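Undergrad: Let me see the structure of the following:
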Amino acid sequence: MDLPTPDTPVSVPGAAAVPSAAAGSAAAGSAAAGSAGESAQAFDPSEPPPTVDQVKLALRRVKDPDLNLNIIDLGLVYDIAVDDRSVKVDMSLTSPACPSGPQLMGDAERAARAVPGVRDVAVNLVWSPMWSPDRIEPRVRAYMGF
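TA: The predicted model follows:
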């Protein structure tokens with residue numbers, strides 16, 4: 001398996017496309033949600049655009065399954081950018097061989113997509129700078145004994 005180099009961002013597309021109201025029917029929306037095993041939130045243009053703080057709050061619900069800590073407090077999220085209704089998340093993993101990487105990135109994408117007003121989400125895996133325990137939130141580091 002080829003791993004990306006430290007300077008190569010990797011984008012993880014969404015698990016299931018949400019059909020637009022004009023292009024799809026309610027049945028198509030149900031099929032997309034059912035095939036993904038979760039409810040898909042259709043984009044609502046009447047919602048105000050999301051904020052960085054809303055996306056950050058949503059990403060706090062994404063937990064590393066091994067450490068049972070959220071990816072924000074672990075310092076895995078390096079940047080959140082919101083451009084109108086498009087969200088870009090740059091994040092890393094605790095190591096390039098992290099077995100939970102695909103799960104964490106998929107969960108991050110789903111959490112960001114669930115924020116009201118979000119139309120598009122891109123989650124990029126970045127390796128520069130490499131993650132270290134110094135990136136963990138200070139209060140969490142103290143709790144962990146670091």
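
Undergrad: Residue ranges in this structure under the pLDDT threshold?
TA: Within the chain, the stretches with pLDDT under 70 are 1-42.

Undergrad: start to end distance for stretch 75-94?
TA: Length of stretch 75-94, first residue to last, Cα to Cα, to the nearest Å: 9 Å.

Undergrad: which parts of it are buried?
TA: Within stretch 75-94, the residues scored as buried using 16 or more other Cβ atoms under 10 Å are 75-77, 80, 82, 85, 87-94. No exception for glycine: its C-beta is placed from N, CA and C like everyone else's.

Undergrad: What separation is there between the residue nearest to residue 133 when sequence neighbours are not counted and residue 61?
TA: Nearest residue to residue 133 in three dimensions, chain neighbours excluded: residue 146, at 5.5 Å (Cβ to Cβ, 6 or more residues apart in numbering). According to Cβ to Cβ, to the nearest Å, residue 146 stands 23 Å off from residue 61.

Undergrad: Quick check on those two: which one has the bigger neighbour count.
TA: residue 61 (14 against 10; other Cβ atoms under 10 Å).

Undergrad: Phi and psi next, for that one.
TA: Per-residue torsions, residue 61: phi -80, psi -10 (degrees, to the nearest 10).

Undergrad: Equivalent analysis for residue 130, please.
TA: phi -60, psi 140.

Undergrad: name the element the residue nearest the centre of the chain belongs to?
TA: Centroid check for the chain by Cα atoms, centre = their mean gives residue 108 as the closest residue, at 2.1 Å. Assigned by DSSP states H and E, residue 108 belongs to helix 101-113.

Undergrad: just residue 75 next, same as before
TA: Going by DSSP H and E, residue 75 is not part of any helix or strand.

Undergrad: Find the nearest non-adjacent residue to residue 137, please.
TA: residue 73 (4.3 Å).

Undergrad: typo on my end, it should be residue 78
TA: The shortest distance from residue 78 to any non-neighbouring residue, by Cβ to Cβ, 6+ apart, is to residue 90 (4.6 Å).
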